[in-house]
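Novice: Need the 3D shape of this:
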Amino acid sequence: MHERDPNIVTSSLSGVVTEQGVTVRVNIIRLENEPGWSLEVENEHGTSTVWDDLFATDDAAHAAFRQTVDEEGMRAFLDQAVVIPFRR
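Specialist: The predicted model follows:
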């Protein structure tokens, strides 16, 4: 018998945030059978910023998002690709 994949639980703290002229989607989720919450912020171009560590609560994940905005501004989530060319 095939084991089913766990459901994804989405926090009510997830949603669209617009500040400083930048709009992002904040995704705070966990697997139904796991306690840790993951945090992903997706900008309007589909580029994601994902925190490496899990959070004990969805409130803690949301606080990490707010801390980033307070310290770095919403520009932290803009596409700012840095291309470093290899020497030939």
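Novice: Which strands border the helix or strand bottoming out on mean pLDDT in the chain, and is each parallel or antiparallel?
Specialist: The element with the least model confidence among the helices and strands of the chain, by mean pLDDT, DSSP states H and E, is strand 48-50, at a mean of 92. Looking at strand 48-50 with DSSP bridges, its partner strands are strand 38-43 (antiparallel).
Novice: could you pull out the helices for this protein?
Specialist: 58-72 (DSSP state H).
Novice: which strands and helices sit next to the longest strand along it?
Specialist: Longest strand in the chain, counting residues (DSSP state E): strand 22-31. Other helices and strands packing on strand 22-31, by 3 or more Cβ pairs under 8 Å, 6 or more residues apart in numbering; DSSP states H and E, are strand 8-10, strand 15-19, strand 38-43, helix 58-72. Glycine gets a C-beta too; all of them are placed from N, C-alpha and C.
Novice: Next, count neighbours for the residue lying closest to Val50 once chain neighbours are set aside.
Specialist: Once flanking residues are discounted, Val50 sits nearest to Glu40: 4.7 Å by Cβ to Cβ, 6 or more residues apart in numbering. Glu40 has 17 neighbouring residues, counting by other Cβ atoms under 10 Å.
Novice: ditto for Thr57
Specialist: A total of 15 residues lie near Thr57 under the criterion other Cβ under 10 Å.
Novice: Just confirm it contacts Pro35, I think it does.
Specialist: No: checked against Cβ atoms under 8 Å, the pair Thr57 and Pro35 is beyond contact range at 9.1 Å.
Novice: quick one: Ala76 and Thr68 touch, right?
Specialist: Yes: counting by Cβ under 8 Å, Ala76 touches Thr68, with 5.6 Å between them.
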